[in-house]
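# Provide a 3D model corresponding to the input given below.
(chains A, B and C)
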Amino acid sequence: MSEAILQVKGLKKSFNGVEVLHSVDFAAKAGEVTALVGENGAGKSTLMKILMGEYTADGGEVLLDGKQVQFANPHQALMSGISMIFQEMSPFPELTVAENMYIGREPHAGCFLKKKEQRQMAERRLAELGIDLDISKKVKSLTVSQIQLLEIAKAVSYDSRVVIMDEPTSSLTDSEVNLLFQTIHTLKEKNVAVIYISHKLDELFQIADHVCVLRDGQIISSRPIQEVDRNVMISEMVGRNLDQIYPSVEKEIGEVVFQAEHLTSKGVFSDVSFSLRKGEILGFAGMVGAGRTQVAEAIFGVEKYQEGTLKLNGRTIRNRNVREAIEGGFAMIPEDRARCGLNLGGSIRTNMCATVLDRIGKVHGLLANRAKEQELTGQMSEQMHIKMNGQEEQAAFLSGGNQQKIVVGKWLLTKPEIVIMDEPTRGIDVGAKYEIYQLIKQLAKEGKAIILISSEMPELLGMCDRILVMKDGRIVGELSSQEASQEKIMAAIVNH
Amino acid sequence: MKKMLAILLTAGLVAGLTACSSGGSYDDAAATSDTAQTTEEAAADETAEAATDETADGASLGKLLFLQTHNDNSFMAYMGEMFVETAQAAGYEVDHLTADSDEATQLSQIEQGIASGQYVGIVCDCTGEGVTQGFKEAQEAGIVVITMHEGVQDNTNVDCVVACSLADTGYEAIRLEVEELGENFNLAIVNGSEGHGATVAIREGYDRALEEFTGINVVFDGAGNWNAEEAMALTETWFSSGEQIDGIVCMNDGMATGVRQVMRDNGVLGTIPIYSNDCEENTLDAIEAGEQRGSFDMNAQAQCDAAVDAMTKLLNGETLEEKEIYVEPILVTIDNLEEYRASREGTY
Amino acid sequence: MEQANRKKHRELVSKLGIVFVLLGLIVLWSFLSDAFFTTNNLLLIIKQATLYGILAIGMTFVLVTGGIDLSVGSIVALAAVFSAHYCSGDYLELPIIIPILVAVVIGLACGAVNGIGVAFCGIPPFIMTMCMMLAARGAAYVYTNAKAIFNLNADFVNIANGFLGRTFDDQGLVDNYGIPYMVFYFVIAMAIGMVLLHCTTYGRKIFALGGNKDAARYSGINTRLIEFSVYVISGLCAGICGFLMASRVSSGNANAADGYEMTVISACVIGGVSLSGGVGSMYGTMIGVLIVGVISNGMDILGINTYFQEILQAVIIFAAVYIDVHVNRKRK
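Residues are numbered from 1 along each chain as shown, chains lettered A, B, ... in the order given. Next up, the predicted model:
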């Protein structure tokens, strides 16, 4: 039971002369979930990429079943029994579940596919893991969590003995997370070693057997879950003591600035009404697919709505497109940073100034004002503590936290009055999270009205003055910060 | 590793270019320079001795720029070789370029020729009217301009026109059909690419004949775009329509090859008379086998001879008797096939 | 600090890399032929590159948004036959601004149709502009009935064929070559293109759109309007090339500029414009166009057969892009 399948000893790796892993020791035992936590940039991905054969280590050794191994590419790793489920998964949307599972190694006779056998094999695998999936469905029609389960089944079908999961729950709702955890338990029973990377500390207490904290390329601590203290772990991760995760800031809630009345978009959401006050942080709770993002997009002019009115300071507004919304003082930090928030190929400067090009342009906004762009980018990077090698660095090379800070920064440049944040802390490390929380509170203190959409209930409970609960496109509950609790939010969702 | 590959690529590239420029063409452009006064140096040039053994003193008369619309088919390729041979035999050096049927490309080639200052004369098989602009510049730079084969309408800046009338071949083809089929019959016409110079010219001949022989009923009239596949697709449709076809004229041999295939499939090969242009090898075989009546040769040899002859006269300051020299096309039928083949000696 | 310097240095090399290719070719040709490196020939190269250059300016805008415009060659032909029509025959005496305007309007209209199709109807750019490519070429054939239009107004012909400061001696031979007007058009068009793409907020928005369309939309950029506009610009460039083409070859021909789109796209690609959008510069495009011009001019001067030229062109394009992708764009 406590046999270490995978062992890493004294692993070293540097890029361009900068050492990112300093002699890392690490082990994963069969039938256990070993959690690996740490801020982004701590070296987790590099470590995993070495295990998967994408990078070659500069020193140290990797032992699989006590024998030294070195993989030249991920395929070799996979064939030796190590598989990884990535943060950003890339299945083939047009193929079915079964086809995805056996892609590249389809059972065949000569040049003909044995489709029936493939289906049977897929079905057997899914049954073994207790995963309920229709194998003939196309992957594009699956939910994110279903795809994740599929990926796990695929990993297991390689007879993997080590399964690495990178942030598996970042886009799952609570019930989906439970489903995933059940599957992980099945893996444990099958004596698979699971390496679990996560930012969500609460999960670790539910699922992990052993926790390793990685910081600045070194293992800071490694202990069984029973001996882990939450606050100690956090301070180990960030290298400093956090008094508390959610900052408390004295602020005043003023008069109503924005109202949505009976907002309806057919088949997406209906009869959504709420009001928002100056200095208020209004939370939106609910499952993925409850229509929260769609309401936010409708308010921001990205998507259309058929009925209902929007009022800004008592005046009716339309927000037919994003420009109108920006002019009205709205800003939105979108859910999917890579898809909607950033031009990853562009520089920090061009990303930062994308929202204010016309405003800062010379000659009626026609000529680009490079000097002003540089000035504003400089100011904002300083204010947001963005770590970078100059303003012309490509956004793609920054960590998730720093990317998110650019997205927030580019919206603060528009000097908004109403800020909509859709999952602003998804996939970023604890330190950056804390900074974003502080920033949200600070904005509220300055009198901005904030809408915060989040799937992390502790985040909503810790940050919001008021929480609206949405289900199936409707608002099904409203809770003040005093009365709100995870149980009450869940109850509102379940009872409607 | 990647750097190595990049360097290798670049090296290969340079080597390729150098090889092409020295081995690929007729002489070493870098060696001879400037204008017409290079005769002395050129005499010592090794390329000159390789090219010309007939000229008595072995001296080069200067360098000609020979421009062709394209040399995509065997006739044009033959004419290209023929001209280079003829001109070299007469003591010229020749640079030979083709324009890929693009007017602007040919114009550029003329301009470059002028700018390089190394040519005494330009012989041009014209892509279109646009090149006249280049001829104007050439004359302003003191270069003799002769059009050969395909000419232009505006000949103000042309010193001599050598051509074999395509229109005449078109007229002749239909007249021969009338001779065989009588005044009243159903005719199908396979044209070249629309708008192409040769298409327009041959069409002029067809139209002239159709005006004269009013009894002819043109049942089909379509563009085979100079190639066998498209001509095949076209005629297949015609034959499957059930309409009676008594005779076919076709603007080139390539298309005729396709048409004959369709005729074979329909069991009418040899019974329906068909004429085309170019006298390509397989068409000659078809004529021998009785599958095709005849094909017209634009008489490349005579055109090249006339053009080189005119060039020499003009460079010597003589005046030509006729500014426009027309060469008779050769009609090849079963009757003169052997003779024609012998005259070609299997050159193409 | 040192790292930042090294990075700057690397960026500079990658920016200049393509210039080295151009200079390398010029040195190579000069070495192989005396006739190459003369003022007249160098001016001629620019003159001959002008049509491609103007098309490439419009194409760069389209490519940076992540689109493609296959229709430019056909639009040139359509604009050329119309402008030729309006300065010949019955219209010979019309002021030459009329045929110019006709060509420009046709270019704009075709570009606008492309833009509407791509930006507002959601048709993939490849398909939309391919349809336009067929339609415009067909329309040009229909309009001319496949016959070339000749005998254009002399002033009109002079637009593309004139020279500044050309003098003749007493025998009517050229004394002073002068500078072709086309060279000025090239320089002016490139300057306008550079300013528009790199110095305006409009240009910034094009890059933002090409980098990430959704993010651009979320940033309040009117992505549809911008996407529409780049096709209009490309159409406009094609329209301008249309009358220049008619003027240059002093005729309107429905088969003009056949296949130019591919040459233009390859010039842009050589210049570092990415086909997936968001990356590129007008400066690079200009160098790319000149490289294409120098390649064909040099090979013509050396008397290399046209078909060989095509093979060599392929090799050079491959090499230029390979070097760009694998040497210059090395990442962390």
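# Show me the shaky parts of the chain.
Because you didn't say which chain, this covers chain A. A:1-2, A:16-18, A:40-41, A:87-91, A:238-245 (pLDDT under 70).
# Chain B was what I was after
Within chain B, the ranges that satisfy pLDDT under 70 run B:1-59, B:345-348.
# ranges for the strands of it?
For chain B, strands defined by DSSP state E occupy the ranges B:63-68, B:93-98, B:121-124, B:144-148, B:160-164, B:186-191, B:217-223, B:247-250, B:274-277, B:294-297, B:324-327, B:330-333.
# Show me how far the fourth one is from its chain's centre.
The reference is to strand B:144-148. 14 Å (Cα atoms, centre = their mean, to the nearest Å).
# what do you get for the first one?
In terms of Cα atoms, centre = their mean, the centre of strand B:63-68 is set 14 Å apart from its chain centre.
# hang on, the earlier thing: out of the strands of chain B, nearest to A:Met52?
strand B:93-98 (55.4 Å; Cβ to Cβ). For glycine as for every other residue, the C-beta is placed from the backbone atoms N, C-alpha and C.
# can that closest one be found next to chain C?
Yes - applying Cβ under 8 Å from any Cβ of the partner chain, one finds strand B:93-98 touching chain C at B:Asp95, B:His96, B:Leu97, B:Thr98.
# Show me what that strand pairs with in its sheet, parallel or antiparallel.
Sheet pairing of strand B:93-98 (DSSP bridges) gives strand B:63-68 (parallel).
# what are the C-alpha coordinates of the partner strand, in PDB please?
Extracted in PDB, the C-alpha atoms of strand B:63-68 (Å, rounded to 0.1, in the frame of the first residue of the first chain):
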ATOM      1  CA  LYS B  63      23.000  40.200 -78.300                       C
ATOM      2  CA  LEU B  64      19.300  39.700 -79.000                       C
ATOM      3  CA  LEU B  65      16.500  39.400 -76.400                       C
ATOM      4  CA  PHE B  66      14.000  36.900 -77.500                       C
ATOM      5  CA  LEU B  67      10.700  37.000 -75.700                       C
ATOM      6  CA  GLN B  68       8.000  34.400 -76.000                       C
END
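# List of residues touching it?
B:27, B:32, B:76, B:79-80, B:83-84, B:87, B:92-99, B:106, B:109-110, B:113, B:118-125, B:311 (Cβ atoms under 8 Å, 6 or more residues apart in numbering or on different chains).
# Same check on stretch B:232-250?
The set of residues external to stretch B:232-250 that reach it, using Cβ under 8 Å, 6+ apart, is B:170, B:173-174, B:177, B:180-181, B:185-190, B:206, B:219-220, B:222-224, B:231, B:256, B:258-259, B:261-263, B:265-266, B:268, B:272-277.
# Repeat that for stretch A:214-232.
Stretch A:214-232 has contacts (Cβ under 8 Å, 6+ apart) with A:19-26, A:35-39, A:42-44, A:46-47, A:201, A:204-205, A:208-213, A:233, A:236-239, A:242.
# Identify those among those that sit within strands.
Under the assignment DSSP E, the contacts of stretch A:214-232 contribute A:19-26, A:35-37, A:210-213 to strands.
# Could you report the neighbour count for B:Ala342?
Using other Cβ atoms under 10 Å in any protein chain shown, B:Ala342 is surrounded by 9 other residues.
# ignore the last one, B:Tyr326
By other Cβ under 10 Å, neighbour count at B:Tyr326 equals 14.
# can you check B:Asn277 too?
Neighbour number of B:Asn277 under other Cβ under 10 Å is 27.
# How about the contacts made by the residue lying closest to it once chain neighbours are set aside?
Once flanking residues are discounted, B:Asn277 sits nearest to B:Phe296: 4.7 Å by Cβ to Cβ, 6 or more residues apart in numbering or on different chains. Shown in contact with B:Phe296 (Cβ under 8 Å, 6+ apart): B:Thr169, B:Glu172, B:Ala173, B:Tyr275, B:Ser276, B:Asn277, B:Asp278, B:Cys279, B:Pro329, B:Ile330, B:Leu331, B:Val332.
# Also B:Trp226?
By Cβ under 8 Å, 6+ apart, the residues touching B:Trp226 are B:Asn73, B:Gly192, B:Ser193, B:His196, B:Met251, B:Asn252, B:Gly254, B:Met255.
# Go through those residues and give me the one with the most neighbours.
B:Met251 (31 neighbours).
# Quick one: residues contacting that one.
Each residue near B:Met251 by Cβ under 8 Å, 6+ apart is listed here: B:Gly170, B:Val190, B:Asn191, B:Gly192, B:Ala198, B:Thr199, B:Ile202, B:Gly224, B:Trp226, B:Ser276, B:Asn277.
# Surely the third one and B:Val218 touch.
No - proximity of B:Asn191 to B:Val218 does not meet the contact threshold set by Cβ atoms under 8 Å, at 11.6 Å.
# out of these two, which sits in the busier spot?
Set B:Asn191 next to B:Val218 and count neighbours by other Cβ under 10 Å: B:Asn191 wins out with 25 against 11.
# Give me the spatial nearest neighbour of the more buried one, chain neighbours excluded.
The nearest residue in space to B:Asn191 (Cβ to Cβ, 6+ apart) is B:Ala223, at 4.7 Å.
# Grab the nearest non-local neighbour of C:Ala139.
Excluding its sequence neighbours, the residue lying closest to C:Ala139 (Cβ to Cβ, 6+ apart) is C:Leu78, at 5.6 Å.
# hang on, the earlier thing: with the contacts of B:Phe296 in mind, which one is nearest to C:Ile68?
B:Asp278 (38.8 Å).
# Next up, phi/psi of the closest one, please.
phi 110, psi -30 (degrees, to the nearest 10).
# so who does it touch?
When the contact criterion is Cβ under 8 Å, 6+ apart, the partners of B:Asp278 are B:Asn73, B:Ser74, B:Phe75, B:Asn252, B:Asp253, B:Gly254, B:Ser295, B:Phe296, B:Asp297, B:Met298.
# with these in mind, which one is nearest to chain A?
For those, the residue nearest chain A by Cβ to the nearest Cβ is B:Gly254; the value is 39.2 Å.
# so who does the residue nearest to the spatial centre of chain B touch?
The residue lying closest to the centre of chain B (Cα atoms, centre = their mean) is B:Met76, at 4.0 Å. B:Met76 makes contact with B:Gln68, B:Thr69, B:His70, according to Cβ under 8 Å, 6+ apart.
# The first one pairs with what?
Just to be clear, that refers to B:Gln68. Beta-bridge partners for B:Gln68, by DSSP bridges, are B:Thr98.
# Against chain A, how distant is it?
Distance from B:Gln68 to chain A, counting by Cβ to the nearest Cβ, to the nearest Å: 47 Å.
# What separation do you get for that residue and B:Tyr78?
Using Cβ to Cβ, to the nearest Å, B:Gln68 is found at 11 Å from B:Tyr78.
# between those two, which one's more packed in?
Shown here are B:Gln68 and B:Tyr78; by other Cβ under 10 Å, B:Gln68 has more neighbours (28 against 20).
# Burial check on A:Glu335, number of neighbours?
By other Cβ under 10 Å, the residues close to A:Glu335 number 21.
# Tell me the bridge partners for the closest residue to it other than its chain neighbours.
Among residues not flanking A:Glu335 along the chain, A:Asp422 sits closest, at 4.0 Å (Cβ to Cβ, 6+ apart). Note on A:Asp422: beta-bridge partners A:Ile453, judged by DSSP bridges.
# hang on, isn't A:Asp422 packed against A:Met332?
Yes - A:Asp422 lies in contact with A:Met332 (Cβ under 8 Å); the separation is 7.0 Å.
# secondary structure element for the residue in chain A positioned nearest to chain C?
Here chain A gets closest to chain C at one residue, A:Asn343, 3.1 Å apart by Cβ to the nearest Cβ. For A:Asn343, there is no host helix or strand (DSSP states H and E).
# ok, for it, nearest residue in space, not its chain neighbours?
C:Gly211 (3.1 Å).
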